[in-house]
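> Dropping a prediction and its sequence here:
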Amino acid sequence: MKEAAWWWPVALADDARDGPVALQLFDRRLVLWRDAQGRPSLLADQCSHRGARLSMGRLHGGALQCPYHGWRFDAAGRCVAVPAQPGFTPPDSSSVECLPLREAHGLLWADAGGASHPLPALPSVAPRRLVYGPFDTATSAPRAVENFLDTSHFAFVHEGWLGDAQHPEVPPYEVTHTADGRPVIECYRAWQPRASATSAGGDWVEYRYEVLSPYAALLTKRGQAGGPEDSYTIWACPTTPESCRLWFAQYTTDEDTPAQALLDFQVTIFSQDQPVLESQQPKRLPLSGGEAMGAADRLSAAYRRYLKACGIGYGVC
């Protein structure tokens, strides 16, 4: 599976502080937990003994203990104790799979099987970061990312917020590409009645879009001179071919607005997107035709071509 060449977001950086947490990535059940030093570990959520879910277990002496027979596993997935046989040294065959983890952008990222691409990198963004989510969404990860990149739905899905029915037009824009083939729009101009949580009224906003990886993207918004500059990322974790878990991060020069107000604004925006996203059929993103395209869809078309070039086959059709 070519998707295994990428790193995938699976949890917030501080998750599993209170005990093991069940996760899912590419139909695979995983368990996130922390050892006695608080270091995160990501294991297959299946005991090597009788297949019980380790996420139902608890910590014991810095190890993860299975809820069924109490077998204990260390942070590398090695079985270190079998309570029914005190003093027994379990063989390597009793281990469970351990996935490499890295922390970046406020999230924990998993290597699903030999990641050869680097973690997604961000260009220069504002210093204040807030991470929102997770949002479990009943559509494929590529559908969710394409919606984030979509330039023509604001006037309809976000009317009165990010769009205005009196300004539905999409001005001409050019899609360029990074050296490694990721689509970019350097400048896209749109009228927005309420561009951010602190907006007092309508404003012309300049957007910059950049695809960061197959299931991640960045947009940066600049409004009136002197106003805050905001960048937003979408980080998508594919859980099944037709469902995903999403996080959004905001990077802002606004140091004064309370975090809850910024969160409430972003939750409102996604609550407008989510029912429409989940209504789309097919839930997998078509890469080989089957959906009409217009001039306003240049970035969507470029994103689909990029997925094909990357060999992405999960969550697409």
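That came through fine.

> what's the neighbour count on the closest residue to residue 296 other than its chain neighbours?
Excluding the flanking residues, the one nearest residue 296 by C-beta to C-beta, 6 or more residues apart in numbering is residue 170, at 3.9 Å. Yep, even glycine has a C-beta here, placed from its N, CA and C like the rest. By the criterion of other C-beta atoms under 10 Å, residue 170 has 20 neighbours.

> With residue 242 instead?
Neighbour tally, residue 242, other C-beta under 10 Å: 17.

> Report the contact partners of it.
Residues in contact with residue 242 (C-beta atoms under 8 Å, 6 or more residues apart in numbering) are 138, 139, 140, 283, 284, 315.

> Check it and give its pLDDT.
Here, the pLDDT recorded for residue 242 equals 98.

> filter the contacts of residue 242 to the buried ones?
Among these, the ones that count as buried by 16 or more other C-beta atoms under 10 Å are 139, 140, 283, 284, 315.

> Just name the closest of these to residue 157, please.
Using C-beta to C-beta, residue 139 is the member of the buried ones among the contacts of residue 242 that sits closest to residue 157, with 14.1 Å.

> wait, is that closest one part of a strand?
No. With DSSP: H, G, I helix; E, B strand; the rest coil as the criterion, residue 139 is located in coil rather than a strand.

> Thought residue 245 was touching it, still the case?
No. Contact criterion C-beta atoms under 8 Å: residue 139 and residue 245 do not qualify, at 11.5 Å.

> Can I get the contacts of residue 242 in TSV including pLDDT and distance to residue 257?
TSV is the format used below for these (pLDDT from 0 to 100; distance: C-beta to C-beta, whole Å):
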residue	pLDDT	distance to residue 257
138	98	31
139	98	30
140	98	33
283	98	35
284	98	38
315	97	35
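
> Return the member of these nearest to residue 211.
Of all the contacts of residue 242, residue 211 sits closest to residue 315, with 15.2 Å by C-beta to C-beta.

> Phi and psi next, for the closest one.
Backbone torsions of residue 315, given as degrees, to the nearest 10, read phi 80, psi 10.

> returning to what we had before: and the contacts of residue 242 as TSV, adding distance to residue 36?
Converted to TSV, the contacts of residue 242 look like this (distance: C-beta to C-beta, whole Å):
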residue	distance to residue 36
138	38
139	39
140	38
283	42
284	42
315	37
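
> of all these, which comes closest to residue 255?
Nearest member of the contacts of residue 242 to residue 255, counting by C-beta to C-beta, is residue 139, at 34.8 Å.

> Contact partners for the closest one?
242, 243, 244, 277, 278, 280, 283.

> Nearest residue to the last one in space, please, no chain neighbours.
Read it as residue 283. That would be residue 242: by C-beta to C-beta, 6+ apart, it lies 4.0 Å from residue 283.

> before we move on, what about the fourth one?
Counting by C-beta to C-beta, 6+ apart, residue 277 lies nearest to residue 139, which is 4.9 Å off, once chain neighbours are set aside.

> If you count neighbours, what's buried in stretch 240-254?
Buried residues in stretch 240-254 (16+ other C-beta under 10 Å): 240-252, 254.

> of all those residues, which comes closest to residue 122?
Nearest to residue 122 among the buried residues of stretch 240-254, with distances taken as C-beta to C-beta, is residue 251, at 7.9 Å.

> for that closest one, which residues make a bridge with it?
residue 129, residue 231 (DSSP bridges).

> Tell me how far it lies from residue 288.
Note on residue 251: its distance to residue 288, by C-beta to C-beta, to the nearest Å, is 35 Å.

> Over to residue 44?
Residue 44 is 33 Å from residue 288, by C-beta to C-beta.

> higher neighbour count, those two?
residue 44 (18 against 8).

> how many other residues sit next to residue 281?
Residue 281: 6 surrounding residues under other C-beta under 10 Å.

> hang on, it is in a strand, isn't it?
No. Looking at residue 281 with three-state DSSP, it is coil, so not inside a strand.

> Can you give the domain ranges for the chain?
Annotated domains of the chain cover 15-102, 128-310 [automatic domain parsing].

> Mind checking these for the one nearest to residue 109?
Closest to residue 109 of the domains of the chain is domain 15-102 (C-beta to C-beta; 4.9 Å).

> Show me how far that closest one is from its chain's centre.
Its chain's C-alpha centre and that of domain 15-102 lie 25 Å apart, by C-alpha atoms, centre = their mean, to the nearest Å.

> same thing with stretch 113-133?
Using C-alpha atoms, centre = their mean, the offset of stretch 113-133 from its chain centre is 10 Å.

> about what we covered before: lowest-confidence stretch among the domains of the chain?
domain 128-310 (a mean of 91).

> Now the terminal residues of it, how far apart.
Domain 128-310 has an end-to-end distance of 32 Å (criterion: C-alpha to C-alpha, to the nearest Å).

> about what we covered before: what separates the residue nearest to residue 283 from residue 288, distance-wise?
Distance from residue 242 to residue 288, by C-beta to C-beta: 17 Å.
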